[in-house]
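Trainee: give me the fold of what follows.
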Amino acid sequence: MPIGRGQTISQPLVVATMCELLELSEDDLVLDVGGGSGYHAAVLARLARRVISIERQPELVEAARRSLAAAGVVNVEMICGDGSVGCPGEAPFDAINVAAAVRGEVPEALPGQLAEGGRMVVPVGRRHQWLELWRRREGRLSRERMVAVAFVPLVEEGD
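Mentor: Next up, the predicted model:
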């Protein structure tokens, strides 16, 4: 469904699938890239200690802040910025949720901000997109293709 500024909200089933793949615990620090309406961040917030959600559209950030406050969600920080660079000042993250499709290579900054044992879910592809699950174990990154999806593209610096 459209939420304004050319962006959409993910289907609840897709949000649930992404949250399940992240295997969140109540102590986790989560980075949410492509915060949009704040809905996905609110769901993540029920499963984790703290969520930092990045959205590049200022109007959507303000609307999400209002919605989160109205819902009583207090452990989400909505920030306006370029999600493709992550949030290095808060890293490392136990989990990273990317709610926009990467059309080429996943920006290095994102897996670079995963903690040891960290997980990242990211849609990858142009015409055909797949959710990929990334894991950092013993300093190494692995990635696995999970399910077919359809997301708006991740806008990266310079786009």
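Trainee: can you tell me the closest non-neighbouring residue to the most far-flung residue of the chain relative to its centre?
Mentor: Distance from the centre of the chain peaks at residue 138, with 23.1 Å (Cα atoms, centre = their mean). Using Cβ to Cβ, 6 or more residues apart in numbering and skipping the chain neighbours, the partner closest in space to residue 138 is residue 116 (7.7 Å). Just so you know, the C-beta spots here come from the backbone N, C-alpha and C atoms, and that holds for glycine as well.
Trainee: isn't that neighbour up against residue 140?
Mentor: No: the pair formed by residue 116 and residue 140 falls short of the contact definition of Cβ atoms under 8 Å, at 10.1 Å.
Trainee: tell me which of these two has more neighbours.
Mentor: Neighbours were tallied for residue 116 and for residue 140 using other Cβ atoms under 10 Å; the higher tally belongs to residue 116 (10 against 7).
Trainee: checking my notes, that one in a helix, right?
Mentor: No: assignment of residue 116 by DSSP: H, G, I helix; E, B strand; the rest coil gives strand, placing it outside any helix.
Trainee: how close does it get to residue 46?
Mentor: For residue 116, the distance to residue 46 under the criterion Cβ to Cβ, to the nearest Å works out to 25 Å.
Trainee: where does this structure have low pLDDT?
Mentor: The model of the chain has pLDDT under 70 over residues 1-11, 152-153, 155-159.
Trainee: please repeat the previous calculation with a cut-off of 90.
Mentor: Where the chain drops to pLDDT under 90, the residues are 1-15, 36-37, 100-105, 126-129, 147-159.
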